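>>> Okay, structure incoming, though there's no sequence with it:
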């Protein structure tokens, strides 16, 4: 599609998208004529804009004589006309320090990385926290309150992860102690997936010497991490950034819909899973993804890998379609690399 445009059309489309990203407003021919390095009259620019509109890259809001890029126009800009920027040393150092200062919890580190990315990009940040596939060293079950317990998992590398799960309100502390003892006799050197498979086989074959209540606690504690829907934690930070530069009326309604999607998280998790299956940064613009079909928003996501170069999660940002792609794409990519180094 890009090859079908001549150099003049490409530059006018590029400058129009850049102007739209700066202001969020329709862009007129006079403004574009001032931005172009070549000497073109507003009339000549208008003719090119009309051709770009006929091709489906621009559209004219009924309230303005200016033009806005369509999703196709934004996609063409991102794929073929975008010049990526470079992160400053201060930005790189800020991302690294946020991640490294997060302690030993994987989720805490991912939360700090997402918060740093949200703050630098002025978007909402999001990350999928992977199920732990590292060999385990220890697990502890502790009572928090009636009906709630905490599972603390320690891997052989010393990372610590916590999950809260539901238990019967009148559960005796001895049951948690027995569940802890039972798992620690079997857990060392095995991954969560391996230990879950072992426990399921033992219970099925009646080799597990557990009463019914302890068996339920063991199952609930393991389910907090491994297997089943929702076993991967989804962390979202900086939703308030989406309210910046939002005008009244329709824009607020679109943001409200996006807030609901971020709270529900199910569709968001599917987008992150899609990103994990790809290589490198993925960009979803507007209606290209059902999550954003009604919200005029875009997502930039990058997968991150463990020490064996296996993709285990994804991190990114959600913002308006006019977000600063040139700045944010390398920012997301670098944050994913930092996470990978720490987890490796």
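Now that the structure is in, tell me what you want to look at. Nothing here was measured: the structure is a model prediction, and the numbers come from that model. Residues are numbered from 1 along each chain as shown.
>>> who touches the closest residue to residue 315 other than its chain neighbours in this structure?
Setting aside the residues directly before and after it, residue 315 is nearest to residue 127 in space (C-beta to C-beta, 6 or more residues apart in numbering), at 4.1 Å. (C-beta placed from N, C-alpha, C; glycine too.) By C-beta atoms under 8 Å, 6 or more residues apart in numbering, the contact set of residue 127 is 110, 111, 113, 114, 234, 235, 272, 313, 314, 315, 316.
>>> State the helix or strand in which the first one lies.
Right, residue 110. Assigned by DSSP states H and E, residue 110 falls within helix 106-121.
>>> avg pLDDT for that helix?
Helix 106-121 shows a mean pLDDT of 89.
>>> Which residue ranges of this structure form strands?
58-59, 68-69, 124-129, 136-145, 148-155, 160-166, 233-237, 282-285, 297-305, 311-320 (DSSP state E).
>>> Dump these to CSV, plus distance to residue 32 and mean pLDDT.
Formatted as CSV, those follow (distance: least, C-beta to C-beta, whole Å; pLDDT from 0 to 100):
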stretch, distance to residue 32, mean pLDDT
strand 58-59, 11, 94
strand 68-69, 12, 94
strand 124-129, 31, 86
strand 136-145, 60, 88
strand 148-155, 56, 86
strand 160-166, 53, 81
strand 233-237, 37, 80
strand 282-285, 22, 90
strand 297-305, 23, 89
strand 311-320, 21, 87
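>>> Out of these, the one nearest residue 40 is which?
strand 58-59 (16.5 Å; C-beta to C-beta).
>>> List the contacts of the closest one.
13, 16, 49, 52, 53, 67, 68, 69, 70, 73.
>>> Among these, which ones are in helices?
In helices, judged by DSSP state H, the following of the contacts of strand 58-59 are found: 13, 16, 49, 52, 53, 73.
>>> Disregarding residues adjacent in the polypeptide, which is nearest to the fourth one?
What that stands for is residue 52. Once flanking residues are discounted, residue 52 sits nearest to residue 58: 4.7 Å by C-beta to C-beta, 6+ apart.
>>> Check the spacing between the one you found and residue 145 real quick.
According to C-beta to C-beta, to the nearest Å, residue 58 and residue 145 sit 58 Å apart.
>>> returning to that earlier point: so how far is residue 275 from the residue nearest to residue 315?
From residue 127 to residue 275 the distance is 11 Å (C-beta to C-beta).
>>> returning to that earlier point: now the residue nearest to residue 315, which residues is it bridged with?
Residues in a beta bridge with residue 127, per DSSP bridges, are residue 235, residue 315.
>>> okay, now the domains of the chain?
Following automatic domain parsing, one finds the domains of the chain at 2-81, 89-130+232-343, 136-223.
>>> Tell me which of those domains sits most buried.
Ranked by mean neighbour count, the domains of the chain are led by domain 89-130+232-343 with a mean of 19 (mean count of other C-beta atoms under 10 Å).
>>> Run the chain-centre distance for that one.
Chain-centre distance of domain 89-130+232-343: 3 Å, with C-alpha atoms, centre = their mean, to the nearest Å.
>>> Likewise for stretch 56-67?
With C-alpha atoms, centre = their mean, you get 31 Å for stretch 56-67.
>>> just stretch 43-52 next, same as before
Per C-alpha atoms, centre = their mean, the centroid offset for stretch 43-52 relative to its chain is 38 Å.
>>> quick one: low-confidence parts of the chain?
Applying pLDDT under 70 to the chain flags residues 1, 63-64, 101-104, 131-133, 206-208, 225-233, 244-257, 260-261, 263-270, 290-295.
>>> So in it, which helix runs the longest?
Secondary structure of the chain read by DSSP H shows that its longest helix is helix 325-343.
>>> residues in contact with residue 22?
Counted by C-beta under 8 Å, 6+ apart, residue 22 has zero contacts.
>>> What distance do you get for it to residue 173?
Using C-beta to C-beta, residue 22 is found at 61 Å from residue 173.
>>> Same check on residue 223?
For residue 223, the distance to residue 173 - C-beta to C-beta - is 21 Å.
>>> likewise residue 109?
Remark: distance between residue 109 and residue 173 (C-beta to C-beta) = 31 Å.
>>> same thing with residue 201?
28 Å.
>>> Kindly report the same for residue 324.
To residue 173, residue 324 is 53 Å away according to C-beta to C-beta.
>>> Kindly report the same for residue 210.
Residue 210 sits at a distance of 16 Å from residue 173 (criterion: C-beta to C-beta).
>>> I figured residue 77 was touching residue 70, is that so?
No. Judged on C-beta atoms under 8 Å, residue 77 makes no contact with residue 70 at a distance of 10.6 Å.
>>> For residue 150, which non-adjacent residue is spatially closest?
Closest residue to residue 150 apart from its sequence neighbours, by C-beta to C-beta, 6+ apart: residue 142 at 4.8 Å.
>>> quick one: the one you found and residue 162 touch, right?
No. With contact defined as C-beta under 8 Å, residue 142 does not reach residue 162; the gap is 9.8 Å.
>>> Can you check which residues contact both of those two?
150, 152.
>>> Between the strands of the chain, which one is closest to residue 85.
strand 297-305 (13.4 Å).
>>> and residue 160, what does it touch?
So residue 160 contacts 104, 105, 152, 153, 154 (C-beta under 8 Å, 6+ apart).
>>> Please name the residues that touch the last one.
Contacts for residue 154 (C-beta under 8 Å, 6+ apart) come out as 136, 137, 138, 139, 160.
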